[in-house]
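In: generate a structure from the sequence data that follows.
(2 chains)
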Amino acid sequence: EAQVTQNPRYLITVTGKKLTVTCSQNMNHEYMSWYRQDPGLGLRQIYYSMNVEVTDKGDVPEGYKVSRKEKRNFPLILESPSPNQTSLYFCASSFLSVNTEAFFGQGTRLTVV
Amino acid sequence: AQKITQTQPGMFVQEKEAVTLDCTYDTSDPSYGLFWYKQPSSGEMIFLIYQGSYDQQNATEGRYSLNFQKARKSANLVISASQLGDSAMYFCAMREVSGGYQKVTFGTGTKLQVIP
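Out: I've put the predicted structure just below:
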């Protein structure tokens, strides 16, 4: 089954404790991206990757890191989480062509206390 | 300026009626794609419909159609014959391709409630 898998689905952590949210896709998509969703703000792109070892900043990259060592995986790293990073996070993947839709993971609800 | 603007935070529609959700966009790139996604209360993001910047005809997918007016930079979603299951958040998104980058921008969403 074609899917984007994010883990964990729910995470509560403390300020400053490094965490990683994993994202994996099985559709051989070149393009992968991370979004955060906050009430009233919609989804905002954090980082994206157009292929292995090619990443770039989205609109809200501060406080986040990503890596793309393999085509299928695109982890999101918060090296020192802060409460303002409490949010719902989505990973998505698609082919590189502009006319292809994104497939989304199920989302990760992160709470930083 | 906002790249994607959805001016209707919430809307109501009677079951079986049609409803239009507004979306305007702003870009100077000649090549871009416009998408609509649905997010039910369960939280997943579901792709509904796509319109390319070079497409001459409006996109349609079942009960969904996209009213694309390029000169006005609008890409409104029309849902015909609304059903109770259409109650959800709806997001308009734009994918821009320019030089070496390819960014995606979402609007703030419209919450649609279908009334029996």
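
In: around chain A, pick out the residues from chain B.
Out: Contact residues, chain B versus chain A (Cβ under 8 Å from any Cβ of the partner chain): B:4, B:6, B:9, B:31-33, B:35, B:37, B:43-45, B:47, B:50, B:52, B:91, B:93, B:95-97, B:101-109. C-beta coordinates here come from the backbone N, C-alpha and C atoms, glycine included.

In: quick one, what contacts B:Leu77?
Out: Residues near B:Leu77 by Cβ atoms under 8 Å, 6 or more residues apart in numbering or on different chains: B:Thr20, B:Leu21, B:Cys23, B:Trp36, B:Leu48, B:Ile49, B:Tyr64, B:Ser65, B:Leu66, B:Asn67, B:Tyr90, B:Cys92.

In: element containing it, please.
Out: Element membership for B:Leu77 (DSSP states H and E) is strand B:74-79.

In: hmm, back to that, are any of the contacts of B:Leu77 buried, and which?
Out: Using 16 or more other Cβ atoms under 10 Å in any protein chain shown as the burial test, these include B:Leu21, B:Cys23, B:Trp36, B:Leu48, B:Ile49, B:Tyr64, B:Ser65, B:Leu66, B:Asn67, B:Tyr90, B:Cys92 as buried.

In: shouldn't the fifth one be in contact with B:Tyr64?
Out: Yes - counting by Cβ atoms under 8 Å, B:Ile49 touches B:Tyr64, with 4.8 Å between them.
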